[in-house]
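> Everything below, folded, please.
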Amino acid sequence: MTATTDGSTGAPAPEATSATTAPLTDTTPGAAGTPGAADRAIQRATDFLLARQDAQGWWKGDLDTNVTMDAEDLLLRQFLGIRDQATTDAAALFIRGEQRADGTWATFHGGPGELSTTIEAYVALRLAGDAPEDPHMARASAWIREHGGIAASRVFTRIWLALFGWWKWDDLPELPPELIYFPKWMPLNIYDFGCWARQTIVPLTIVSAKRPVRPAPFPLDELHTDPRDPNPATPLAPMASWDGAFQRLDKLMHGYQKIALKRLRRSAVNSAARWIIERQENDGCWGGIQPPAVYSVIALHLVGYDLEHPVLKAGLASLDRFAVWREDGSRMIEACQSPVWDTCLATIALADAGLPADHPSLVKAATWMLDEQIDRPGDWSVRRPGLESGGWAFEFHNDNYPDIDDTAEVVLALRRVRHPDRARVEKAIERGVRWNLGMQSRNGAWGAFDVDNTSPFPNRLPFCDFGEVIDPPSADVTGHVVEMLAVEGRSHDPRTRRGIEWLLAEQEDNGAWFGRWGVNYVYGTGSVVPALTAAGLPVSHPAIRRAVTWLESVQNEDGGWGEDLRSYRYEDWKGRGVSTASQTAWALLALLAAGERDSKAVERGIEFLVATQTADGTWDEPYFTGTGFPWDFSINYHLYRHVFPLTALGRYVHGEPFADLAAAAAEGRG
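Numbering: from 1, shown residues only. So this is what the prediction gives:
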């Protein structure tokens, strides 16, 4: 069976080929896998990474997502009346450059066309002056109509269109601001949503209540299957089903919209606005990510904040900082920025590569990370009110939402550096470990931002069709925490053992682990196996052997590993895709931890990394290997292509770093 253009059917994995170009010449059979060749690759990669460290000590690679970020930025500026020609032209140049031959836009490199993304890109180009009859626009609108038109798009897309009267507010799911008053024990209270969804939904309750409409600069009849009936009626799901129940609940909410007490509604809107303002970060952003920031700006503007108010001025300035201006004059909007994550991974990579533990670059990076530790409570405190803060966030400024994954990896990174202020490092690590332990969920595992964020109800809401809206524990985050706890000498801590038991129970029948925050089973397996062996599982353990067998079975002919985003949706894509440097590295990290250093699979994987390294010491990787929401929102972290291969090469040459650290911790800090 072959894939359709919208990815509506499963498809066999493509014949794997290398994703990189301009390989080095040291690629004769067997030569690339020698320690000498790997040493040379490590040196080139180390030089490349050191040259890109900021003077303050951090690293940050660009973060690609999809053109909805750019389209919504233009729509926001149009809504606020601040769209300028230079910004519009630069954004349009980028959006046009991402269009596929069939007229569509995808959500990841090489992926199928996606309806909502294509609609938003099309509207943005209309704002930029592209005419509906232009060939590239005509192809896009024809494809949109063939796939159901605006009526078939996701709720967020239709909200943006409703802001300009291109869609009716009455034809959108209701989201009442009175949600802000739901007690924490009540289903569908705002803390039942994952932090990213919570930060987005609260401002959207204000937008939903206000229902603003700005004058539309042009009609969009060409995006409807029938302009006379743009929202054809569809039957409700059976009443006995969850979908049917929530669809009928939405109808009740629409009725409530018409009879809501004005005083209660006004109070709820004001409470939601206060909630938003209290969570604005020092840099003006909200949550360190673009979507909540965009909707927060709109919501606060609707309740009366003018664009010169300090809150909105800071918010708009923060959005400008998400812009990446490229050499060709185009402008790409990052969904967020990843300096803490990039810096801790770069520190680990350089340490694994053999850089001395007291190297000035590592010390500078450690000092910067120490300064980034968060010392105040945030939204996580709602479910852990007595827990002392001590985590790290993903971004430059996101004190309200530190995350468990970053905290675990920062601790691992700090443990690799010989910092002159040893007491400060130990205190920071102690606080980070205590915070992570306190964030363990009831089932023994760890989510990304919250504890026990597993309510089944938020995903059922008709409003929540934009991706994952809850934050349940995942194998990759739990693996990183278990690995960190093992290095800290806590392998036998009952809380660590519960995490290990959960991981063993979560292993798939084929031997892999699901990857929530990276693509996908290769990432999950690459995260879990090193954690289990660091925690003391012997490499002969059946779970480790099954993982090794699976990784060997999905290795590509070129020696690398790759996995397409479609593995989140289709069984036959699991572990299959074009070889990439980052995914090859993840597989190697698992195999090396499993004692497979001298295996043919590892040799071929190292050969792939050496052979595909570019002349300047890095790797090309257009493919998206990071995950925001499985399938729905994908990420290309530009530093992944570098830090993970360097880590894998370093461990191949120098051995597993954490085995000795874990043993020392068990003796001295246990």
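
> State the number of residues packed around the residue lying closest to Trp435 once chain neighbours are set aside.
Of all residues not flanking Trp435 in the chain, Gly390 sits nearest, at 3.8 Å (C-beta to C-beta, 6 or more residues apart in numbering). Placement of C-beta: from N, CA and C, glycine included. Using other C-beta atoms under 10 Å, Gly390 has 22 neighbouring residues.

> From Asn436, how far out is Gly390?
Gly390 sits 8 Å away from Asn436 when distances are taken as C-beta to C-beta, to the nearest Å.

> now Ala152
Ala152 is 42 Å from Asn436, where distance means C-beta to C-beta.

> quick one: which of these two has more around it?
Using other C-beta under 10 Å as the criterion, Ala152 and Asn436 rank with Asn436 on top: 25 against 16.

> Would you enumerate the residues in contact with that one?
Gly391, Ile404, Thr407, Ala408, Val411, Trp446, Val481, Met484, Leu485 (C-beta atoms under 8 Å, 6 or more residues apart in numbering).

> please redo it, this time with the cut-off set to 7 Å
Residues counted as contacts of Asn436 (C-beta atoms under 7 Å, 6 or more residues apart in numbering) are Ile404, Thr407, Ala408, Val481.

> Give me the subset of these that lies in strands.
For these, not one is inside strands, with DSSP state E as the criterion.

> Pull the most distant pair out of these.
Thr407 and Val481 (8.3 Å; C-beta to C-beta).

> how about Val522, secondary structure?
Applying DSSP: H, G, I helix; E, B strand; the rest coil to Val522 yields a three-state assignment of helix.

> just the one 3 residues further on next, same as before
Taking three-state DSSP as the rule, one finds Thr525 in the helix state.

> Make residue 1 into 11 and carry on from there
Understood, numbering begins at 11; the last thing we discussed is Thr535.

> For Asp503, grab the count of nearby residues.
16.

> So for the one residue sitting closest to the centre of the chain, what's the nearest residue that isn't a sequence neighbour?
Geometric centre of the chain, nearest residue: Gly638, 2.9 Å, by C-alpha atoms, centre = their mean. Nearest non-adjacent residue to Gly638, counting by C-beta to C-beta, 6+ apart: Ile645, 5.4 Å away.

> Am I right that that neighbour is in a strand?
Yes - applying three-state DSSP, one finds Ile645 inside a strand.

> In contact with Phe332, which residues are there?
By C-beta under 7 Å, 6+ apart, Phe332 lies in contact with Gln300, Ile343, Glu344.

> ah, wrong one, I meant Asp475
Neighbouring residues of Asp475 by C-beta under 7 Å, 6+ apart: Arg164, Val165.

> follow-up on the earlier one: before we move on, could you check phi and psi at the residue nearest to Trp445?
Gly400 adopts backbone torsions of phi 160, psi 10, taken as degrees, to the nearest 10.

> Check the secondary structure at the residue nearest to the centre of the chain for me.
The local conformation at Gly638, judged by three-state DSSP, is strand.

> Correct me if wrong: it contacts Tyr647.
No - if you go by C-beta atoms under 7 Å, Gly638 and Tyr647 don't touch, sitting 10.8 Å apart.

> What part of the protein, helix or strand, is modelled with the least confidence?
Every helix and strand of the chain was ranked by mean pLDDT, DSSP states H and E. The lowest is helix 668-678, at a mean of 58.

> How many residues are close by the residue lying closest to Trp629 once chain neighbours are set aside?
Distance criterion C-beta to C-beta, 6+ apart; nearest residue to Trp629, sequence neighbours excluded, is Ala591 at 3.7 Å. The tally of other residues near Ala591 (other C-beta under 10 Å) stands at 30.

> Can you tell me whether I have it right that Pro486 is in a helix?
Just so we're on the same page, residue 486 is Asp rather than Pro. Yes - counting by three-state DSSP, Asp486 is found in a helix.

> Tell me how far it lies from Leu360.
Where Leu360 is concerned, Asp486 sits at a distance of 22 Å (C-beta to C-beta).

> who's more crowded, those two?
Per other C-beta under 10 Å, whichever of Asp486 and Leu360 has more neighbours is Leu360, with 29 against 26.

> how distant is whatever helix or strand that one lives in from the center of its chain?
Using DSSP states H and E, Leu360 sits in helix 349-362. Offset of helix 349-362 from its chain centre (C-alpha atoms, centre = their mean, to the nearest Å): 17 Å.

> That one packs against which elements?
helix 45-60, helix 370-382, helix 414-424, helix 650-664 (3 or more C-beta pairs under 7 Å, 6 or more residues apart in numbering; DSSP states H and E).

> From the rest of the structure, what touches it?
With C-beta under 7 Å, 6+ apart as the contact definition, helix 349-362 has outside contacts at 56, 59, 68-71, 367, 371-372, 375-376, 378-379, 382, 402-406, 416, 419-420, 422-423, 426-427, 649, 653, 656-657, 660-661, 664, 667.

> Which among those count as buried?
Buried by 16 or more other C-beta atoms under 10 Å: 56, 59, 68-71, 371-372, 375-376, 378-379, 382, 402-406, 416, 419-420, 422-423, 426-427, 649, 653, 656-657, 660-661, 664, 667, out of these.

> picking that back up, can you tell which of the helices and strands packed on helix 349-362 is closest to Arg273?
Closest to Arg273 of the helices and strands packed on helix 349-362, according to C-beta to C-beta: helix 414-424, at 40.8 Å.

> Report the mean per-residue pLDDT for that closest one.
Computed over helix 414-424, the mean pLDDT rounds to 98.

> State the mean pLDDT of the helix or strand that comes right after that helix.
Next in sequence after helix 414-424, counting helices and strands by DSSP H and E, comes helix 432-448. For helix 432-448, mean pLDDT is 98.

> One more: stretch 563-573?
Stretch 563-573 comes out at a mean pLDDT of 98.

> And the contacts of it?
With contact meaning C-beta under 7 Å, 6+ apart, stretch 563-573 is reached by 26-28, 529-532, 585-590, 593-594, 597, 611, 614-615, 617-618.

> Quick one: end-to-end length of that stretch, please.
The straight-line separation of the ends of stretch 563-573 (C-alpha to C-alpha, to the nearest Å) is 13 Å.

> Tell me the buried residues in it?
Neighbour-count burial for stretch 563-573 flags Val564, Gln565, Asn566, Asp568, Gly569, Gly570, Trp571, Gly572, Glu573 (criterion: 16+ other C-beta under 10 Å).

> so when I look at the fifth one, I'm seeing a helix, right?
No - residue state for Gly569 (three-state DSSP) corresponds to coil; a helix is not indicated.

> so which of the helices and strands packed on helix 349-362 gets nearest Val304?
Nearest to Val304 among the helices and strands packed on helix 349-362 is helix 414-424; the distance by C-beta to C-beta comes to 23.4 Å.

> Give me the distance between the closest one and the centre of its chain.
For helix 414-424, the separation from the chain centroid amounts to 17 Å (computed by C-alpha atoms, centre = their mean).

> Determine the set of other helices and strands touching that helix.
Going by 3+ C-beta pairs under 7 Å, 6+ apart, helix 414-424 lies up against helix 349-362, helix 370-382, helix 432-448, helix 485-497.

> Extract the C-alpha set from that helix and format it as PDB.
Extracted in PDB, the C-alpha atoms of helix 414-424 (Å, rounded to 0.1, in the frame of the first residue of the first chain):
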ATOM      1  CA  ILE A 414      12.100  17.100  34.600                       C
ATOM      2  CA  ASP A 415      14.000  16.100  31.500                       C
ATOM      3  CA  ASP A 416      16.200  19.200  31.400                       C
ATOM      4  CA  THR A 417      16.900  18.900  35.100                       C
ATOM      5  CA  ALA A 418      18.100  15.300  34.800                       C
ATOM      6  CA  GLU A 419      20.400  16.100  31.900                       C
ATOM      7  CA  VAL A 420      21.800  19.200  33.500                       C
ATOM      8  CA  VAL A 421      22.700  17.200  36.600                       C
ATOM      9  CA  LEU A 422      24.500  14.700  34.400                       C
ATOM     10  CA  ALA A 423      26.300  17.500  32.600                       C
ATOM     11  CA  LEU A 424      27.400  19.200  35.900                       C
END
